[in-house]
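Undergrad: Predicted model, plus sequence, below.
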Amino acid sequence: MGYFANIRDSVRTIFEGLAITASHLVRKPYTIQYPDRTDIRVQDALPFRYRGLLDVDLEICTGCLACERACPIDCIVIDAEKDKQTKEMILKRFDIDLAKCMYCGLCSEPCPTGSIHHTPEFEGADYSLESLIRRFVKAPVVAYKPSKGPETDPEIAPILTRGLRYLDEFATPGGADAD
Amino acid sequence: MQQLADRLLNEGFLQGLPTPVGYVLVVAFFAFVLLNFIMLVAGVTSWLERRVWARIQSRVGPNRVGPQGSIQWLADGIKNILKEDIVPLAADRILFKAAPYLAMMGFFAAFAVLPFGDGLIVADINVGILYVTAVTALVVVGILMAGWSSNNKWALLGGIRSAAQIISYEIPAALAILTIVLFTGTLSMQGIIRMQGWAPWNWFLFANPFAFVSFFIFYVSALAEGNRTPFDLPEAESELVAGAFTEYSGLRSLLFFLVEWGNLYVIGALATTLFLGGWHVPAFTESAFVLGVAQAVVFFLKSYFLVFVAMWIRATLPRVRVDQLMSLCWKYLVPISFVNMIGAALWFAIFPNGSRVASIAMVVFGLAIALYFLSRVRFHLRRAKPELTLSPIA
Amino acid sequence: MSHAIDVDIERQTPGGLETEEMTLNMGPQHPSTHGVLRFVVKADGEVMRRAIPDIGYLHRSIEKIAEKVGYHGFMPYTDRVDYVSAMQCNQGWAMACEALAGIQVPRRGEYCRVIASEFGRLASHLLSVGATGMDIGAVTPFTHAIREREYINDILEELCGARLTFNYMRIGGCAWDVPPGFVKRATAFLDRFEPLIDEYNELISFNKIYVERLANVAVIPREMAIAWNLVGPNLRGSGIRYDVRKDVPYSVYPEFEFDVPVGTGERGTLGDSYDRYMVRMRELKESCRILRQALGGIPAGPVIAKVPRNFKPPAGEVHVRVEASRGDMGWFVVSDGTAFPYRVHIRTGSYAAMAIIEELSKGLMIADLVAVIASLDIVAPEVDR
């Protein structure tokens, strides 16, 4: 490269670069000013599949322990035992340690009713580590027994619908056609 | 300022005081005023730089503290002052503490000869330009002291690089200034400005092609002297953390930042004085006061535009490596500025009073470049499709 | 952890002056953008004698964890092996398990995998070129690259629910199918993105200062690249046309038409940092080509094959190659017939690149060291796993 060719190239490329940055000066910035200057709450704008903090709808939990087995980090601890007389599953403890959870979604996949699912909530910062252990069972409850036909209980039906809709998002192995 | 001091001593409210005391008081007063001005300008420059940078980078920049974030610099300054004052254990304490003040003295002293308007200058000495060139070299001493006394190998590297850079780039800067001094015959700042006019074809920038080239040489060399990108290797963040100033915290680091941004203003003011016509405005009013204010405003705006250009360049260009920096100075800028000066001398010999035709031709040429630039900007704006909104929050 | 570092050597220069070598530490905490890497630099003023890398600051025993969590549970951990381009790591692990058990992935699943991997490659290369620019000193292209990366993150977020650690693929296919409207939005992004590659090039790639910083710096000749085990854009920057997608084809890559960009020494020597950088820029365009073809022709069908929840592949070992963003990523899995792998080893491109820096650094300047690390595209999670 000659002496003058160097000068000419420098001037030309710097000129072009300055033109590009000048054009950026008049464009709209890309920043979303969270959390107070957004049009809608960020949590409401996230896609339905978003893997935020975990939540358990205890009304439709069957106590099958599939989520506990699937979690690679063992952050889900469930105490469920079959009552000898009534033959029902009693849930005594359902703890999720959100500090350990890595939001992988492996627990929500095998759930038969969609009771454990991810929410769009992502603001979980807190001052103490203990508060991050979410205890979903306040008092021992009977686990849910899915009925043969559509669910009739009006309180449980919408929760089940939402849970099944969440499960629907996952791909069905080998079977049904997707769009 | 000399006349003002004399008047105050003889007729004004400083009567009765011995002359040296009176002088000292007046000087202290002006120094105080200038210091406030510098702090304000440096602070606002830091805020403006962050906003300009941010817009160039498609983001917003500080906009929470005060309206549009305009007192962010004040908050940063107060935070820096309140920080813990750390002096490294094995550092040379006296040099470590003195370095920021030396660097500040270097550029602060230059403000004594910067004009703000016709007659609005602290000291219109008849070697103004030479004085500025000499006194800004004190900054080198300050940086070297900072690098050495920190007892930190990275800081030492940064200090030495910086010293080599500033000293080397003094030469093309001085040669570019000499090109202008050839026409004016005087080194005094006000004298140089008085020889220009308010119209662009009366500026020295467009006087002849050699002055045009020497403006760019001067600006590039001044950027290198101020340690600004593309020449900011001494304080390259990704390599040396903060170069010579790594060990500084609190008020001392604030002073170094002040040096950097204040230096920008000095560069802008010098370039305005030499090339852009200084404070001239068309005589649109009888009142001397309004005219004075208009002149100060025009001078400030012109200097600040050059400061803005420096910020814009910093956002655009990558850093030049140290050996490339040196080769740029010694192999390109110095020979070109020598040739330039010889050419300017020849031009001056042929046209001792300047050439009107050449000035207007240069103005047209400058306008053509500006128009081409704007057309490129429009091209880039057109080519970038409008922003997508993939997420409904945006 | 680190081998013994030499003591400062005193040197005699002609003329009787004695000088010492400086030992500097470019420590794990660094304002550079490549993660926790540490170099002990022995420098003679500005010129380096050796830059000794010291790794291990991000070691998380991921390979050992695989032996505890099992085949299905290891999938989220593969994201963390290279979190800058996580989709390809997912694919590597899934392919290794499928090779062990002989599972066939349905065609739609393969297409979804390719789309996800190529978006991951776009995101990773954008980060790499942005970080290279920032290390050289141009801060603007970095934020522009991150802006485009945010768009890609939005697209992948609606595909799988996460923005960085995707956990998108499963053994046998993908966990989620393509949502409605995805193809339209992805194509809109590609339409916007391709002209921006040109703008990016004009802003920085052809900038004289940038070229001067990268051209002729850290030249890696052909033989050295092969001898030191470089892969990916580092290898292709030295002129060797080797791409796992073409040479050891996997998934449905044979169905797509794309070129493999190779360094040509256009602005300096063949195999210098500029060549490696330009190979990444050109790969951005090629990935867009693949994406358009893939998005245009996703076949119907299931996305995932039937795989038992209690996955017990037969005993054996397998080595699978994936073309990750940083090169040929090798997944070596030994199974002993139980539900937990016996041994997993991940061979990443950044590990070899880290090793070659010591060789390259002889005679470079300290300012060049950062440029070399950036041009080799080293990310700490890949080096240490």
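TA: Yep, that arrived.
Undergrad: okay, CA-based contacts and neighbour counts for the rest of this
TA: Will do.
Undergrad: Name all residues that make contact with residue 139.
TA: Looking at chain A here, since you left the chain open. residue A:92 (CA atoms under 8 Å, 6 or more residues apart in numbering or on different chains).
Undergrad: hmm, I had chain C in mind actually
TA: With contact set as CA under 8 Å, 6+ apart, residue C:139 has these partners: B:315, B:316, B:318, C:133.
Undergrad: 7 Å instead, please
TA: B:315, C:133 (CA atoms under 7 Å, 6 or more residues apart in numbering or on different chains).
Undergrad: tell me the phi and psi of it?
TA: phi -90, psi -20 (degrees, to the nearest 10).
Undergrad: do residue A:97 as well
TA: Backbone geometry at residue A:97, expressed as degrees, to the nearest 10, gives phi -90, psi 100.
Undergrad: do you know how far it is from residue A:3?
TA: Computed with CA to CA, to the nearest Å, the distance linking residue A:97 and residue A:3 is 66 Å.
Undergrad: for residue B:335, same thing?
TA: 12 Å.
Undergrad: Likewise for residue B:64?
TA: 49 Å.
Undergrad: returning to what we had before: between residue B:335 and residue A:3, which one's more packed in?
TA: residue B:335 (13 against 9; other CA atoms under 10 Å in any protein chain shown).
Undergrad: What's the per-residue pLDDT of the more buried one here?
TA: We have a pLDDT of 93 for residue B:335.
Undergrad: Tabulate the CA atom coordinates of the helix or strand containing residue B:142 in PDB.
TA: Per DSSP states H and E: residue B:142 is located in helix B:138-149. Listed next in PDB are the C-alpha coordinates belonging to helix B:138-149 (Å, rounded to 0.1, in the frame of the first residue of the first chain):
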ATOM      1  CA  LEU B 138       2.700  20.400  32.200                       C
ATOM      2  CA  VAL B 139       0.000  17.800  31.900                       C
ATOM      3  CA  VAL B 140       2.700  15.400  30.700                       C
ATOM      4  CA  VAL B 141       4.600  15.900  33.900                       C
ATOM      5  CA  GLY B 142       1.500  15.200  35.900                       C
ATOM      6  CA  ILE B 143       0.700  12.000  34.100                       C
ATOM      7  CA  LEU B 144       4.200  10.700  34.300                       C
ATOM      8  CA  MET B 145       4.200  11.500  38.000                       C
ATOM      9  CA  ALA B 146       0.900   9.600  38.400                       C
ATOM     10  CA  GLY B 147       2.200   6.600  36.500                       C
ATOM     11  CA  TRP B 148       5.500   6.400  38.400                       C
ATOM     12  CA  SER B 149       4.300   7.100  41.900                       C
END
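Undergrad: Helix, strand, or coil at residue 111?
TA: The chain I'm using is chain A. What DSSP: H, G, I helix; E, B strand; the rest coil gives for residue A:111 is coil.
Undergrad: tally of neighbours for the closest residue to residue C:271 other than its chain neighbours?
TA: Nearest non-adjacent residue to residue C:271, counting by CA to CA, 6 or more residues apart in numbering or on different chains: residue C:238, 3.8 Å away. Neighbourhood size, residue C:238 [other CA under 10 Å]: 29.
Undergrad: tell me the phi and psi of residue C:238?
TA: Per degrees, to the nearest 10, the backbone of residue C:238 is at phi -90, psi 10.
Undergrad: Who are the contact partners of it?
TA: Applying CA under 7 Å, 6+ apart, the residues contacting residue C:238 are C:220, C:221, C:222, C:263, C:270, C:271.
Undergrad: Narrow those to those in strands?
TA: For the contacts of residue C:238, not one is inside strands, with DSSP state E as the criterion.
Undergrad: Next secondary structure after whichever strand or helix holds residue B:307?
TA: Per DSSP H and E: residue B:307 is located in helix B:288-316. Once the chain leaves helix B:288-316, the next helix or strand it forms, by DSSP H and E, is helix B:322-327.
Undergrad: buried stuff in that following helix?
TA: By neighbour count with 16 or more other CA atoms under 10 Å in any protein chain shown, helix B:322-327 contains the buried residues B:322, B:325, B:326.
Undergrad: Check which helices and strands that helix sits against.
TA: Taking 3 or more CA pairs under 7 Å, 6 or more residues apart in numbering or on different chains; DSSP states H and E as contact, there are no helices or strands that helix B:322-327 lies on.
Undergrad: For residue C:79, which non-adjacent residue is spatially closest?
TA: residue C:86 (4.6 Å).
Undergrad: Run a quick neighbour tally on the one you found.
TA: Residues near residue C:86, counting by other CA under 10 Å: 29.
Undergrad: Could you tell me which residues of the stretch 251-385 of chain C lie near chain A?
TA: Applying CA under 7 Å from any CA of the partner chain, we find that the stretch 251-385 of chain C lies next to chain A at C:301, C:302, C:303, C:304, C:305, C:306.
Undergrad: just for the stretch 151-300 of chain B, where's the confidence low?
TA: Where the stretch 151-300 of chain B drops to pLDDT under 70, the residues are B:229, B:234-242.
Undergrad: contacting residues around stretch C:104-112?
TA: Residues from elsewhere that reach stretch C:104-112, judged by CA under 7 Å, 6+ apart: C:172-174, C:251-252, C:294, C:298-305.
Undergrad: so residue C:24 sits right up against residue C:40, yeah?
TA: Yes - Residue C:24 lies in contact with residue C:40 (CA atoms under 7 Å); the separation is 5.9 Å.
Undergrad: wait, what's in contact with the most centrally placed residue in chain C?
TA: In chain C, the residue lying closest to the centroid (CA atoms, centre = their mean) is residue C:326, at 2.5 Å. Applying CA under 7 Å, 6+ apart to residue C:326 gives the contacts C:232, C:233, C:349, C:350.
Undergrad: same deal with residue A:120?
TA: By CA under 7 Å, 6+ apart, the residues touching residue A:120 are A:43, A:46, A:50, A:51, A:52.
Undergrad: what's the helix or strand for residue A:36?
TA: Counting by DSSP H and E, no helix or strand carries residue A:36.
Undergrad: Okay, helices next: where are they in the chain?
TA: In the absence of a named chain, chain A is used. Using DSSP state H, the helices of chain A run over residues A:3-25, A:42-45, A:66-70, A:156-168.
Undergrad: I was after chain C.
TA: Under DSSP H, chain C gives helices at C:62-73, C:75-79, C:86-101, C:107-136, C:140-160, C:182-200, C:208-214, C:222-227, C:233-237, C:244-247, C:273-296, C:349-360, C:366-375, C:380-384.
Undergrad: now the fourth one against helix C:86-101, angle please.
TA: Okay, so that is helix C:107-136. 140 degrees (axes from the mean of the first three to the mean of the last three CA atoms, to 10 degrees).
Undergrad: list the buried ones in helix C:107-136?
TA: Those buried within helix C:107-136 under the rule 16+ other CA under 10 Å are C:107-136.
Undergrad: Could you do stretch C:224-239 as well?
TA: C:225, C:230, C:231, C:232, C:233, C:234, C:235, C:236, C:237, C:238, C:239.
Undergrad: on that earlier part again, ok, which of the helices of chain A comes nearest chain B?
TA: Taking CA to the nearest CA, helix A:3-25 is the member of those nearest to chain B, at 4.7 Å.
Undergrad: excluding its backbone neighbours, what's nearest whatever residue of chain A ends up closest to chain C?
TA: Per CA to the nearest CA, residue A:50 is where chain A lies closest to chain C, at 3.8 Å. Spatial nearest neighbour of residue A:50, excluding adjacent residues (CA to CA, 6+ apart): residue C:161 at 3.8 Å.
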